[in-house]
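**Q** Structure, please.
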Amino acid sequence: MRNLLAPYTDVIYSLFRFFAGLLFVFHGTQKLFGFPGDKAPAALWTLGFFAGLIETVGGVMIAVGFFAAPAAFLASGTMAVAYFLRHAPDGFLPIINRGELAVLYCFGFLLIAAMGSGRYSVDGILRPRSGG
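**A** Reported below is the predicted structural model:
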């Protein structure tokens, strides 16, 4: 069976990378600034503060595709740690401990780490592919 979306894989991947990074930024800004929402910011130099830094800075890097692979690798590890520290103590299965989002981010970012920034990215502009 022919994949009808095959001609659009670069665009679809870039959209996935952009929105995954952008949504990750919101998690970081909640931890750092309490925005969006009404959560209190994490105290300086705590695990929550460092997670917020990784989520904010890494999320921007992933969204725009600037060194997205290393940023996504770090973000993937952060989500694995978040799952095991925050969610797993409430039961191992994500459906029980409400850790589905951490698992999806973890493996989505692992995919980005493996695939890189992609064609439509800052890295794609700075380092164009060779034509031959």
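
**Q** hey, let's count contacts and neighbours off CA atoms from now on
**A** Will do.

**Q** ok, and for stretch 121-132, which residues are buried?
**A** Within stretch 121-132, the residues that count as buried by 16 or more other C-alpha atoms under 10 Å are 121-123.

**Q** pretty sure Ala71 contacts Ile62?
**A** Yes: the criterion here is C-alpha atoms under 8 Å, and Ala71 meets it with Ile62 at 6.5 Å.

**Q** After the longest helix along the chain, heading C-terminal, what element do we hit next?
**A** As assigned by DSSP state H, the longest helix anywhere in the chain is helix 9-33. Of the helices and strands lying after helix 9-33 in sequence (DSSP states H and E), the nearest is helix 47-53.

**Q** out of Ala71 and Ile62, which sits in the more crowded spot?
**A** Ile62 (34 against 24; other C-alpha atoms under 10 Å).

**Q** State the helix or strand in which that one lies.
**A** In this structure, Ile62 sits in helix 59-64 according to DSSP H and E.

**Q** Quick check: mean pLDDT of that helix?
**A** The pLDDT scores in helix 59-64 average 98.

**Q** One more: stretch 23-38?
**A** 95.

**Q** So what's the gap between it and the chain middle?
**A** 14 Å (C-alpha atoms, centre = their mean, to the nearest Å).

**Q** Quick one: residues in contact with that stretch.
**A** For stretch 23-38, contacts defined as C-alpha atoms under 8 Å, 6 or more residues apart in numbering pick out 39-42, 48-49, 51-60.

**Q** One more pass at 10 Å, please.
**A** 18-19, 39-44, 48-63, 75, 105 (C-alpha atoms under 10 Å, 6 or more residues apart in numbering).

**Q** Write the PyMOL selection for whichever of the residues you listed are buried.
**A** To isolate the buried members of those in PyMOL, using 16+ other C-alpha under 10 Å:
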select buried, resi 18+41+42+48+49+50+51+52+53+54+55+56+57+58+59+60+61+62+63+75+105
